[in-house]
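>>> Predicted model and sequence follow; I will ask about them next.
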Amino acid sequence: MAPKNKRAVKKRVVLTDPRAIRALAHPARQRIIDELYGGKVLTATECAELAGLTPSATSYHLRALSRWGIIERADTSADGRERPWRAPAQSLVISSQSTGSGRLASQAMMRTNVNRLIEQFEQMSGDDPWDELSMMSRTRLWLTKAEAEKLGKELTEVIERYRRARTATNHPAGTRQVSTLLAVVPVGKPPEET
């Protein structure tokens, strides 16, 4: 029997439509997206358990995410009763903040991500042997626009180096899922051109 062909996975899904970005803002959707983009393939029932919702409410959220191409159906299960969901790409990128509604939608999603990260800090047990590794750092830097672009690119490259080819179902022994949140935010008014 010939081996099954692996499906080609896109590198990223890029969202530019403010309505698609708004579809991400719900905390239950964020929880599901985190798991699916982490490499898991989950049924609606499994997604409902993760999100703390009923299966019917979760099905509504899954269809909404699917409508915007954020998630997709995976192959049907062996018994044909469950049709699981998966991420269509390795990562999800929000690319539009140019319109008022795009900016508001992006901010709602950012707020959901920051709140989830705070929850993860709070849920970590004080006797967890990895507790000393958890950190959050806030720094103010004085950078040119080119330097800020370079900083964002370099930070992304570091994360990508550790993320590459590691998923919830395919990672080295002894590893543990670690959440990261990168932010580069220009503050104040832009300098006058000289």
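Yep, that arrived.

>>> Every contact and neighbour count from this point should use C-alpha atoms.
Noted.

>>> Give the other helices and strands that the longest helix along the chain contacts.
Taking DSSP state H as the criterion, the chain has its longest helix at helix 100-123. In terms of contacts (3 or more CA pairs under 8 Å, 6 or more residues apart in numbering; DSSP states H and E), helix 100-123 is packed against helix 18-22, helix 27-37.

>>> Let's see that with 10 Å instead.
Helix 100-123 makes packing contacts with helix 18-22, helix 27-37, strand 89-94 when contacts are defined by 3 or more CA pairs under 10 Å, 6 or more residues apart in numbering; DSSP states H and E.

>>> Can you identify the element that follows it toward the C-terminus?
Using DSSP states H and E, the helix or strand that follows helix 100-123 in sequence is helix 145-163.

>>> Dump that following helix to CSV, keeping only the CA atoms.
C-alpha atoms of helix 145-163 as CSV (Å, rounded to 0.1, in the frame of the first residue of the first chain):
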residue,chain,number,x,y,z
LYS,A,145,11.8,53.6,12.0
ALA,A,146,14.3,51.4,10.2
GLU,A,147,15.7,50.1,13.6
ALA,A,148,12.1,49.4,14.8
GLU,A,149,11.4,47.4,11.6
LYS,A,150,14.7,45.5,12.1
LEU,A,151,13.9,44.8,15.7
GLY,A,152,10.5,43.3,14.8
LYS,A,153,12.0,41.2,12.1
GLU,A,154,14.8,39.9,14.3
LEU,A,155,12.4,39.0,17.2
THR,A,156,10.1,37.2,14.8
GLU,A,157,13.1,35.3,13.4
VAL,A,158,14.2,34.1,16.9
ILE,A,159,10.7,32.8,17.6
GLU,A,160,10.4,31.2,14.2
ARG,A,161,13.7,29.4,14.8
TYR,A,162,12.2,27.6,17.9
ARG,A,163,8.7,27.1,16.4
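
>>> on that earlier part again, work out the gap between the longest helix of the chain and the centre of the chain.
When distances are taken as CA atoms, centre = their mean, to the nearest Å, helix 100-123 is centred 11 Å away from the chain's centroid.

>>> Nothing else from me, thank you.
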